[in-house]
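Visitor: turn this into a model:
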Amino acid sequence: MDGSKTIRELYDSGLSQELRALESKRKEILVRHAVSTFFILAGILLFIVSNGRAIFVAFGLLSIALFIISTVLAGKKTNAYKKDFKSNVVKKVVELIDPGWNYEPGSSIGTLEYAQSGLFPKKWDRFRGDDLIRGTIDKTDFRLSELHTEYRTDSVDGNQHSREQWSTIFKGMFGHAEFNKAISGRTFVLPDVAEKLFGKWGQKLQRNDSRGQLVKLENTAFEKYFVVYSDDQIEARYILTPKMMEAMVDIRNQLKKKIYFSFIGSRVYIAISFSKDLFEPRILKAGVNFADMEQIYLHLNIISVIVREMNLNTRIWTKE
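Guide: Coordinates of the predicted model:
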């Protein structure tokens with residue numbers, strides 16, 4: 001099925017009307033933010049010109065109070081707008097792809113699933129996610145959501161003030177699906193950052209990883225993008241057949257993003273890095289835009305592309 005044509009049909013038949021209905025709410029948010037800006041600027045100006053006069057100080061404090069109230073109201077309106085967008089727009093796009101899929105905008109992949117993947121061993125201090133999608137594609141069950149994990153570092157500046165800084169471990173789409181082969185070990189396929197940055201020196205850096213032994217494979221296109229670690233060299237090659245490696249390269253070329261895989265137990269875990277939130281409405285720009293809906297469709301349909309490209313619906317030997 002031509003996904004672009006399908007989302008166009010949905011857009012023309014009703015989705016654009018839903019977006020236009022939401023436009024008034026988006027504009028209300030912008031007005032509320034403009035009012036908040038006016039109050040905070042007025043308050044600052046009144047304090048500057050007050051010269052200690054009570055009347056100016058009083059009006060300055062009133063402006064600050066009105067700024068706080070207006071900002072809280074803007075936040076509530078923004079949350080309501082996002083909730084309506086996901087319920088009335090994103091949910092319909094999910095149903096277009098497959099009516100049997102479940103979409104839970106307030107839920108995400110859990111911390112246990114994230115840890116079981118072994119993809120990001122660094123300890124996280126903040127774990128956030130949303131837009132969980134779960135379902136089956138033919139024989140293959142899957143779970144997928146947006147995730148953002150971070151770690152915290154504390155430092156002290158020159159004035160002995162403590163400072164807190166948050167750094168991203170992973171941000172993007174994270175999911176897992178049933179794998180079509182029976183495996184007992186752990187195999188990781190990671191973006192080959194070291195060799196890309198440092199060339200031959202990077203090959204030496206590749207050998208140092210806590211996730212297992214370096215596995216070298218005879219596929220130059222695959223080796224260009226990925227590095228493989230496993231606790232079982234034979235099983236890694238059993239998993240990474242020529243067709244599987246070709247599929248991973250195709251997925252990487254389609255998405256043009258860093259992509260991570262791990263094969264553990266009966267699951268294949270997938271993480272795709274994105275720098276922005278994928279299913280949130282834009283506030284500063286009009287939301288009645290087919291190109292934005294097409295991007296949402298493509299991002300929601302990533303799991304179908306992965307299952308199809310990696311041929312996960314074909315059961316191998318002991319997997320039925």
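Visitor: following whichever strand or helix holds Phe263, which helix or strand shows up next?
Guide: Using DSSP states H and E, Phe263 maps to strand 259-264. Next helix or strand after strand 259-264 toward the C-terminus (DSSP H and E): strand 267-273.
Visitor: quickly run through the sheet partners of that following strand, with directions.
Guide: Applying DSSP bridges, strand 267-273 is found paired with strand 162-178 (antiparallel), strand 259-264 (antiparallel).
Visitor: what is the least confident helix or strand in the chain?
Guide: Every helix and strand in the chain was compared by mean pLDDT, DSSP states H and E; the lowest is helix 200-206, with a mean of 50.
Visitor: related to what we said a few turns ago, quick one: closest of the strands paired with strand 267-273 to Asp154.
Guide: strand 162-178 (5.8 Å; C-beta to C-beta). C-beta here means a position set from N, CA and C on the backbone, and glycine is covered the same way.
Visitor: tell me which residues of that closest one are tucked away?
Guide: Across strand 162-178, burial judged by 16 or more other C-beta atoms under 10 Å covers 169-178.
Visitor: enumerate every residue touching the spatially closest residue to Leu255 that is not a sequence neighbour.
Guide: Nearest residue to Leu255 in three dimensions, chain neighbours excluded: Ile272, at 6.2 Å (C-beta to C-beta, 6 or more residues apart in numbering). Residues near Ile272 by C-beta atoms under 8 Å, 6 or more residues apart in numbering: 172-174, 255, 257-260, 302.
Visitor: tabulate those residues (JSON lines), appending distance to Val193 and pLDDT.
Guide: Supplementary listing: the contacts of Ile272 in JSON lines, determined by distance: C-beta to C-beta, whole Å; pLDDT from 0 to 100:
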{"residue": "Gly172", "distance to Val193": "15", "pLDDT": "96"}
{"residue": "Met173", "distance to Val193": "19", "pLDDT": "96"}
{"residue": "Phe174", "distance to Val193": "19", "pLDDT": "97"}
{"residue": "Leu255", "distance to Val193": "16", "pLDDT": "89"}
{"residue": "Lys257", "distance to Val193": "13", "pLDDT": "92"}
{"residue": "Lys258", "distance to Val193": "8", "pLDDT": "94"}
{"residue": "Ile259", "distance to Val193": "12", "pLDDT": "95"}
{"residue": "Tyr260", "distance to Val193": "11", "pLDDT": "96"}
{"residue": "Ile302", "distance to Val193": "22", "pLDDT": "91"}
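Visitor: looking at those residues, which is nearest Phe120?
Guide: Of all the contacts of Ile272, Phe120 sits closest to Tyr260, with 8.1 Å by C-beta to C-beta.
Visitor: is it true that the closest one touches Ile270?
Guide: Yes. Tyr260 lies in contact with Ile270 (C-beta atoms under 8 Å); the separation is 7.1 Å.
Visitor: name the residue in these two with the higher neighbour count.
Guide: The residue with more neighbours, out of Tyr260 and Ile270, is Ile270; 24 against 20, by other C-beta atoms under 10 Å.
Visitor: now do stretch 170-184: distance to the chain's middle.
Guide: Chain-centre distance of stretch 170-184: 15 Å, with C-alpha atoms, centre = their mean, to the nearest Å.
Visitor: quick one, phi psi at Leu217?
Guide: phi -120, psi 150 (degrees, to the nearest 10).
Visitor: and for it, the neighbour number?
Guide: With neighbours defined by other C-beta under 10 Å, the count for Leu217 comes to 16.
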